[in-house]
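Colleague: give me a 3D structure for the following:
(chains A, B, C and D)
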Number of protein chains: 2
Amino acid sequence: MSQLTFKLNDRLYLRDPQATILGQKIVQKGIEMIDSLGFEHFTFKKLAAEVSSTEPSIYRYFENKHRLLHYLIAWYWSWLDYRLDLATNSLVSADEKLRAAIRVITEEKKYDPTFQHVNEEALHRIVVGELEKTYLTKWVDDDNQAGLFSGLKSLTKKIAGYIHEVMPDYPFPNSLVSTIILAANEQMFFSQHLPALSNIEKQLPVPEQHMKLRAFVESIVFGVLRK
Amino acid sequence: MSQLTFKLNDRLYLRDPQATILGQKIVQKGIEMIDSLGFEHFTFKKLAAEVSSTEPSIYRYFENKHRLLHYLIAWYWSWLDYRLDLATNSLVSADEKLRAAIRVITEEKKYDPTFQHVNEEALHRIVVGELEKTYLTKWVDDDNQAGLFSGLKSLTKKIAGYIHEVMPDYPFPNSLVSTIILAANEQMFFSQHLPALSNIEKQLPVPEQHMKLRAFVESIVFGVLRK
DNA sequence: GGAAAATGGTAGTAATACTACTATTTTTGC
DNA sequence: GCAAAAATAGTAGTATTACTACCATTTTCC
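Modeller: Prediction:
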């Protein structure tokens, strides 16, 4: 069986976690623990106990827990990009590709057996709750320089390209894409925790929540693009 | 001269900071220091030194630094709400009110002499950079229960009301409003730090950046509402 | 088979968030 | 006017966190 892996920016880690068993355990348990504890209460000490190792060993893979978060979220964008390619490779029109992109962005995230040691469901919850912590820092500019955001950026660029094809004179394709990617996460969060800020009812079955989310995002994108 | 103040939810503080000189200094210097240091590096110890007091004295006003952040951001939403009322009280049509709301949301935030001990410019930067930290926590549901988000919620509701008037059958007015409020902040941040995610050029003079931001937000809102 | 390199583990440190406790000031009853 | 009670301020801690200097062990490679 072929092992599919993403080649991530090597500035994301000190030692490649995909190269060793300990590294893989760090990633796998890291996802579980950040999901269950929240990023603030997650520490390398607790992670070390979970993977039967020690704090300094983990520090040899990742400079600090922020870098681990960066790594996990970069992986997530690579995964979405890969799913977008799968969803669009049979399509020709930009309009259809754009619809497919919206579907990929808004669909429910489920475990993808292609990547055995990654729990995509938990990872998605991490992206929803912790993404902002990767860029709302004093080091954004350095981190951006180092290429840590290239996953999100290339995904944005790809979808913005579809928008440009559909409506070449629309002046804000990148802004529109980054807005809907973030809004998709925010709205699911609001629907659960701050329902006054959303019209996606918490009580609905999960698949219907995602249908509504998709309808909302499409109302924005195709509203803007309607002539 | 009449002193205008906002009555904020009393769950935001332990002791009303508007009632004492120390309290006012905590708010004023708190804004400056969170703006300059960033929320992570801001501590009550540093603040205590700045206001010539001690750590425990500050803890008597706010349970912890998260609550102080909540307080400042709640103040900001009250202020926006007040500015929205000023901007709309002479208007009658919902369409005009909606345009005014978009202007209030996207306009450059400048010092408002009505509130002497608050630096609104710095406060806006705090909202841009730290807002998410008030709700992306393990305590969202409790905090929401306590009414800590009522400022943002009532602002959202008000603007969503205009949308409903303009287009009664649009199913996502609240989602649309929360999305544009957040997007307005995000896009200004991206324009400065992650330009690939935005089409608002950093090099432009600040007033033109805000004009573009407004054009972007209007393209979304009036795209959706166009029949 | 042994030196060099890579990896792992022990035991710390400085800083942070928060608090128990003591000291001082202010209020209040008479 | 003044002592007792209540309110407020300040001192000196603690537990936890993020991180690291340094020592120990294993692996690599000639």
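Colleague: can you pull the residues of chain A lying near DNA strand C?
Modeller: A:Arg15, A:Thr20, A:Leu22, A:Ser53, A:Thr54, A:Glu55, A:Pro56, A:Ser57, A:Arg60 (C-beta under 7 Å from any atom of the strand). Quick note: C-beta positions are derived from backbone N, CA and C, even for glycine.
Colleague: okay, the last one: pLDDT?
Modeller: Meaning A:Arg60. Per-residue pLDDT puts A:Arg60 at 91.
Colleague: neighbours around it, how many?
Modeller: For A:Arg60, the neighbour count with other C-beta atoms under 10 Å in any protein chain shown is 12.
Colleague: hang on, the earlier thing: can you pick the most crowded of the residues of chain A next to DNA strand C?
Modeller: Each of those was scored for neighbours by other C-beta under 10 Å, and A:Leu22 scores highest at 17 neighbours.
Colleague: show me what contacts the residue lying closest to A:Lys138 once chain neighbours are set aside?
Modeller: In this structure, A:Lys138 finds its nearest non-sequential neighbour in B:Gly38, 5.3 Å apart by C-beta to C-beta, 6 or more residues apart in numbering or on different chains. B:Gly38 sits next to A:Thr137, A:Lys138, B:Gly129 when contact means C-beta atoms under 8 Å, 6 or more residues apart in numbering or on different chains.
Colleague: measure the last one to B:Leu123 for me?
Modeller: Noted for B:Gly129: a distance of 11 Å to B:Leu123, by C-beta to C-beta, to the nearest Å.
Colleague: ok, the two, which is more surrounded?
Modeller: Neighbour count, other C-beta under 10 Å: between B:Gly129 and B:Leu123, B:Leu123 has more, with 25 against 21.
Colleague: right, and the more buried one touches B:Leu72 too?
Modeller: Yes. Counting by C-beta atoms under 8 Å, B:Leu123 touches B:Leu72, with 6.3 Å between them.
Colleague: spit out the residues that contact these two alike.
Modeller: Joint contacts of B:Leu123 and B:Leu72 (C-beta under 8 Å, 6+ apart) are B:Ile31.
Colleague: re earlier: for the residue nearest to A:Lys138, grab phi and psi.
Modeller: phi 90, psi 150 (degrees, to the nearest 10).
Colleague: with A:Phe42 instead?
Modeller: Torsion angles, degrees, to the nearest 10, at A:Phe42: phi -80, psi 130.
Colleague: then A:Met167?
Modeller: phi -150, psi 90.
Colleague: now do it against DNA strand C, distance only.
Modeller: 47 Å (C-beta to the nearest atom of the strand, to the nearest Å).
Colleague: A:Phe62 too?
Modeller: 12 Å.
Colleague: about what we covered before: so which of the residues of chain A next to DNA strand C reach DNA strand D?
Modeller: Restricting those to those near DNA strand D by C-beta under 7 Å from any atom of the strand leaves A:Glu55, A:Pro56.
Colleague: I figured A:Leu213 hits A:Phe189, correct?
Modeller: No. The pair A:Leu213 / A:Phe189 is not scored as a contact, 11.2 Å apart, by C-beta under 8 Å.
Colleague: higher neighbour count, these two?
Modeller: Ranked by neighbour count (other C-beta under 10 Å), A:Leu213 and A:Phe189 place A:Leu213 first, with 25 against 19.
Colleague: can I get stretch A:141-159 in CSV? Just the C-alpha atoms.
Modeller: C-alpha atoms of stretch A:141-159 as CSV (Å, rounded to 0.1, in the frame of the first residue of the first chain):
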residue,chain,number,x,y,z
ASP,A,141,5.7,38.8,9.5
ASP,A,142,8.7,36.6,10.3
ASP,A,143,6.5,33.5,10.1
ASN,A,144,5.1,34.6,6.8
GLN,A,145,8.7,35.3,5.5
ALA,A,146,9.6,31.7,6.5
GLY,A,147,6.7,30.5,4.4
LEU,A,148,4.6,29.0,7.3
PHE,A,149,1.4,30.2,5.7
SER,A,150,2.1,29.0,2.2
GLY,A,151,-0.6,26.3,2.4
LEU,A,152,-3.4,28.7,3.1
LYS,A,153,-2.0,31.1,0.6
SER,A,154,-1.8,28.7,-2.3
LEU,A,155,-5.3,27.3,-1.6
THR,A,156,-6.6,30.9,-1.5
LYS,A,157,-4.8,31.7,-4.8
LYS,A,158,-6.2,28.6,-6.5
ILE,A,159,-9.8,29.4,-5.6
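Colleague: if anything else comes up later, I'll come back, but that's it for now.
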